[in-house]
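[1] Model the structure of this input:
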Amino acid sequence: MSTFRRRFMKAALALPAGMLVSRQSLAQAPSSLALTPECRGKAEPTQRQTEGPFYSPRTPRKDSLVEPGAAGERITVIGLVQAPDCRPLPQAMLDIWHADENGEYDNAGFRYWGHLFCDAQGRFRFETVLPGLYPGRTRHIHVKVQPPGRQLLTTQLYFAGDPGNARDRIYRPELQMKRAGAALRFDFVV
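    Purely as a prediction, here's the structure:
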């Protein structure tokens, strides 16, 4: 795909302004999270999805995937990792990767790739930039979730209101992140 076409598609399919989080609002993102706000005794496991063709193991540990000189809109993602009975799963590892602001994956290094661990209450928080449009897909973030002693979950997270959702055959509304103040939120059930 040509650079001109990629830029045109990016502009044509841009998210509504309300979906973007400014750099100033990152400081306002919640640093603490209520434990299980939507779980009432029994939760459905998070839907599995393909890891895609670009996964690389041994990612660096970091809770900010924002790269020096990043031109994309910054976002903060928060949430919980919990069991189907709503118990938080402490120290679960989240391995995260996505396309850069131009819709390209880094296949030589770990740009917009990294892993982090949940705290003792199963909470996580990471910063990154809004992924660019990868050809044929809506905006998405890949995630592998591995709680100690439990099965690995591989899935993808999506942005509510993205115009590309309707055209993406892999997209699932159950995997949309929700607005949580200045951040986006998704709670994993493993």
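[2] hey, where'd the helices end up in this protein?
    Counting by DSSP state H, the chain has helices at residues 3-12.
[3] Kindly list the longest strand within this structure.
    Criterion DSSP state E: the longest strand present in the chain is strand 74-82.
[4] helices and strands around that strand, which ones?
    Other helices and strands packing on strand 74-82, by 3 or more C-beta pairs under 8 Å, 6 or more residues apart in numbering; DSSP states H and E, are strand 123-129, strand 183-185, strand 188-189. Every residue, glycine included, has its C-beta placed from N, CA and C.
[5] Nearest approach to residue 50 belongs to which of the ones you listed?
    Closest approach to residue 50 among the helices and strands packed on strand 74-82 (C-beta to C-beta): strand 188-189, 16.6 Å.
[6] What mean pLDDT does that closest one get?
    Mean per-residue pLDDT for strand 188-189: 98.
[7] still on that earlier bit, next, format the helices and strands packed on strand 74-82 as a markdown table and append distance to residue 54.
    Below are the helices and strands packed on strand 74-82 laid out as a markdown table (distance: least, C-beta to C-beta, whole Å):
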| stretch | distance to residue 54 |
| --- | --- |
| strand 123-129 | 16 |
| strand 183-185 | 22 |
| strand 188-189 | 21 |
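[8] Send over the longest strand of the chain as CSV, restricted to the C-alpha atoms.
    What follows is strand 74-82, C-alpha atoms only, in CSV (Å, rounded to 0.1, in the frame of the first residue of the first chain):
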residue,chain,number,x,y,z
ARG,A,74,-1.7,9.0,23.4
ILE,A,75,-4.1,6.7,25.2
THR,A,76,-4.2,5.0,28.6
VAL,A,77,-5.7,1.6,29.0
ILE,A,78,-6.7,0.3,32.4
GLY,A,79,-8.5,-2.8,33.7
LEU,A,80,-8.6,-5.9,35.8
VAL,A,81,-7.7,-9.5,35.2
GLN,A,82,-10.1,-11.8,37.1
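[9] Spell out for me which residue occupies the centre of this structure.
    The residue lying closest to the centre of the chain (C-alpha atoms, centre = their mean) is residue 141, at 4.1 Å.
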